[in-house]
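In: Build the 3D model from these lines:
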Amino acid sequence: EAQDAQRRAEVAAKTSALLKGYCEDMCKVVLKHPDCNVCDGFVPPDATPGVNTWDELYAQFDKLKLVGRDMIKEWTGDAGKFGR
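Out: Here you go, the predicted structure:
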């Protein structure tokens, strides 16, 4: 039974690799796109194009925070070179 489950998993993985991209096309044909949640790796399109949600804003602010920290580290390193 364990071999059967393993074989089924292998076949499912190969099938999914072969049909990658076709699953989403099939969903479009049967008018289920973008609500297609059966395709592996399907990423639904942005529900609010051109408008930032709070979660997107928080993610942008997190990136800005990290970039700002890196810039300050670089500036302090450069300032130390001039002080010598």
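
In: Pull the number of nearby residues for residue 38.
Out: Neighbour count for residue 38, taken as other Cβ atoms under 10 Å: 10. (Glycine included, C-beta is placed from N, CA and C.)

In: Residue 27 - how many residues pack around it?
Out: Look at residue 27: counted by other Cβ under 10 Å, it has 18 neighbours.

In: Now for it: which residues touch it?
Out: 33, 36, 38-39 (Cβ atoms under 8 Å, 6 or more residues apart in numbering).

In: how about a cut-off of 10 Å?
Out: Counting by Cβ atoms under 10 Å, 6 or more residues apart in numbering, residue 27 touches 33-39, 42.

In: What does the most centrally placed residue in the chain show for phi and psi?
Out: Among the residues of the chain, the one closest to the centroid is residue 43, at 7.5 Å (Cα atoms, centre = their mean). Per-residue torsions, residue 43: phi -110, psi 110 (degrees, to the nearest 10).

In: again with residue 44
Out: phi -70, psi 150.

In: before we move on, what SS does the residue lying closest to it once chain neighbours are set aside have?
Out: Among residues not flanking residue 44 along the chain, residue 34 sits closest, at 5.0 Å (Cβ to Cβ, 6 or more residues apart in numbering). The three-state label given to residue 34 by DSSP: H, G, I helix; E, B strand; the rest coil is coil.
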